[in-house]
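[1] Build me a model:
(chains A and B)
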2 protein chains.
Amino acid sequence: MISSDSPGKSIAFYFDLFSPFGYLASTQIEKIAARHGRSVEWRPVLIGITVLKVMGMNPLPTYPLKGPYLAIEMERFAALYGVPYRKHGLKGHNSLAAMRCFNWIKSFDAPLAVEFAKRMYAKLWVESIDITPPDISADVAATLGLDRARVLAALATDEVKQSLVRKVDAAIANGVFGVPFVIADGEKFFGNDHFWLLERWLKHGRWSPEDGI
Amino acid sequence: MISSDSPGKSIAFYFDLFSPFGYLASTQIEKIAARHGRSVEWRPVLIGITVLKVMGMNPLPTYPLKGPYLAIEMERFAALYGVPYRKHGLKGHNSLAAMRCFNWIKSFDAPLAVEFAKRMYAKLWVESIDITPPDISADVAATLGLDRARVLAALATDEVKQSLVRKVDAAIANGVFGVPFVIADGEKFFGNDHFWLLERWLKHGRWSPEDGI
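    Numbering: from 1, shown residues only, chains lettered A, B, ... in the order given. Sure thing, here's the model as predicted:
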């Protein structure tokens, strides 16, 4: 058996706080990586850019047939993972300030940024709180010991805004189009439904029926 | 442990000969069902109707980012399943006559229709043969003992054409939008990437972290 287990070698986890499937995946990705001695690098992407602008699609939940199926999928994965999940029913919201804040925190403390992302995911997908206003990011960052005024000042700078744009461009250049999206050793995995394939890859490092289906 | 294993209780496997993912799935679905004492009912659908007309999407392989990812997925599942697969590069082809023929054969001999479908899948996705002309369906049906002229006469009738239309409408009414699509005990599974979830369902009959992830 060939193994690609490489302790310390990180896998890239692309997420957008906007996405319910990203939230659900965020509850599992570190357990999956840990089972194979891997670490996780959380990387920001904005599905409003990738799906709507680059792919030219509408939001997937708005498509006939596909939309109702995705609603079932959210409930199914929440039950499968045993995690809280609540459909928030918000409209007109976005994750721009929150993702800028994640990216900014990551620039000086990556583990803190991950904790920030997890708390923000819980705000939107468990507590149904609109995360659009920068104040929400500042509030959550404050619970992690960051200075509220410093956060709001950072979020208003062009540097912080442009940094996220560059990260999203880099994600697109890597082929990322949806969330969750994982890249491990160059192999791409889109969706919670692909985590079993990710685990197979991390375990065997190849695609072969000899490893069982 | 709750088990939903119900010997003899069939699962619905929706397929379109047009789809490479349908072909790949067709090589596995009966093994999966058999592992849980289930039988499979093959049901026709036309993704040209569900995806293009009902959902209003373009063919998925034509979308930026998503298209290249899907091409990798085809190779990945072929390797994972250990089955032959060749990208045919055909354009302007369709599966209409072939799916009509499947549906017609199914009306008097369901197992024979499945064998017909498997041979047609091999024509398109292994041998790169255009299955658009009714003659191809007649040739393949002839290898199964059916009379070639009888097949061609059947394919030309309104009754055979309308029967497939009704089946596709029924599939859409059941929420089917892509291929492969499985419905087992009312639970819906879209894509080869969901076959592990299908197996979980057939084994446990519920969604719970207690059954392992």
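[2] all contacts plus neighbour counts: C-alpha atoms, from now on.
    Noted.
[3] Tell me who's in contact with A:Ala110.
    By Cα atoms under 8 Å, 6 or more residues apart in numbering or on different chains, A:Ala110 lies in contact with nothing.
[4] From A:Ala117, how far out is it?
    From A:Ala110 over to A:Ala117 the distance is 11 Å, taken as Cα to Cα, to the nearest Å.
[5] So which bits of chain A are right by chain B?
    Counting by Cα under 8 Å from any Cα of the partner chain, chain A comes close to chain B at A:54-57, A:63-66, A:69, A:76-77, A:79-82, A:172, A:175-177, A:188, A:193-194, A:196, A:207-209, A:213.
[6] Buried among the residues you listed? Make that a ChimeraX selection.
    Entered in ChimeraX, the line below selects the buried ones among the residues of chain A next to chain B, by 16 or more other Cα atoms under 10 Å in any protein chain shown:
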select /A:55,57,63,64,65,66,69,76,77,79,80,81,172,175,176,177,188,193,194,196,207,208
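[7] Give me the subset of the residues of chain A next to chain B that lies in strands.
    In this view, the residues of chain A next to chain B that belong to strands under DSSP state E are A:Lys188.
[8] And for the nearest residue to A:Phe181 once chain neighbours are set aside, the neighbour number?
    Once flanking residues are discounted, A:Phe181 sits nearest to A:Phe190: 4.5 Å by Cα to Cα, 6 or more residues apart in numbering or on different chains. Applying other Cα atoms under 10 Å in any protein chain shown, we find 20 residues neighbouring A:Phe190.
[9] Likewise for the one 10 residues further on?
    Residues near A:Arg200, counting by other Cα under 10 Å, number 19.
[10] and it, helix, strand or coil?
    At A:Arg200, secondary structure determined by DSSP: H, G, I helix; E, B strand; the rest coil is helix.
[11] From chain B, how far off is it?
    Plainly put, A:Arg200 is 10 Å away from chain B if you go by Cα to the nearest Cα, to the nearest Å.
[12] Please identify the buried residues of stretch A:120-129?
    By 16+ other Cα under 10 Å, the buried positions in stretch A:120-129 come out as A:120-126, A:128.
[13] With stretch A:91-99 instead?
    Buried residues in stretch A:91-99 (16+ other Cα under 10 Å): A:94-99.
[14] what residue ranges in chain A score low on pLDDT?
    Along chain A, segments meeting pLDDT under 70 span A:1-8, A:213.
[15] which stretches of it form strands?
    Counting by DSSP E, chain A has strands at residues A:10-15, A:39-44, A:181-184, A:187-190.
[16] Could you point out which of those strands sits nearest A:Ala156?
    Closest to A:Ala156 of the strands of chain A, according to Cα to Cα: strand A:39-44, at 18.2 Å.
[17] following the closest one, which helix or strand shows up next?
    Toward the C-terminus, strand A:39-44 is succeeded by helix A:47 as the next helix or strand (DSSP states H and E).
[18] That following helix - contacts with which helices or strands?
    Counting contacts by 3 or more Cα pairs under 8 Å, 6 or more residues apart in numbering or on different chains; DSSP states H and E, helix A:47 is packed against no other helix or strand.
[19] How far off centre is stretch A:108-124?
    Its chain's C-alpha centre and that of stretch A:108-124 lie 11 Å apart, by Cα atoms, centre = their mean, to the nearest Å.
[20] Nearest residue to A:Met55 in space, please, no chain neighbours.
    Closest residue in space to A:Met55, ignoring its immediate chain neighbours: B:Pro64 at 5.2 Å, by Cα to Cα, 6+ apart.
[21] Let me see the contact set for the nearest residue to A:Asp147 once chain neighbours are set aside.
    Closest residue to A:Asp147 apart from its sequence neighbours, by Cα to Cα, 6+ apart: A:Ala141 at 7.5 Å. By Cα under 8 Å, 6+ apart, the contact list for A:Ala141 reads A:116, A:147-148, A:151.
[22] Tell me which of those residues fall in helices.
    A:116, A:148, A:151 (DSSP state H).
[23] so how far is A:Asn174 from the second one?
    I take that to be A:Arg148. 34 Å.
[24] how about A:Arg148, what does it touch?
    Here A:Arg148 is in contact with A:138-139, A:141-142 (criterion: Cα under 8 Å, 6+ apart).
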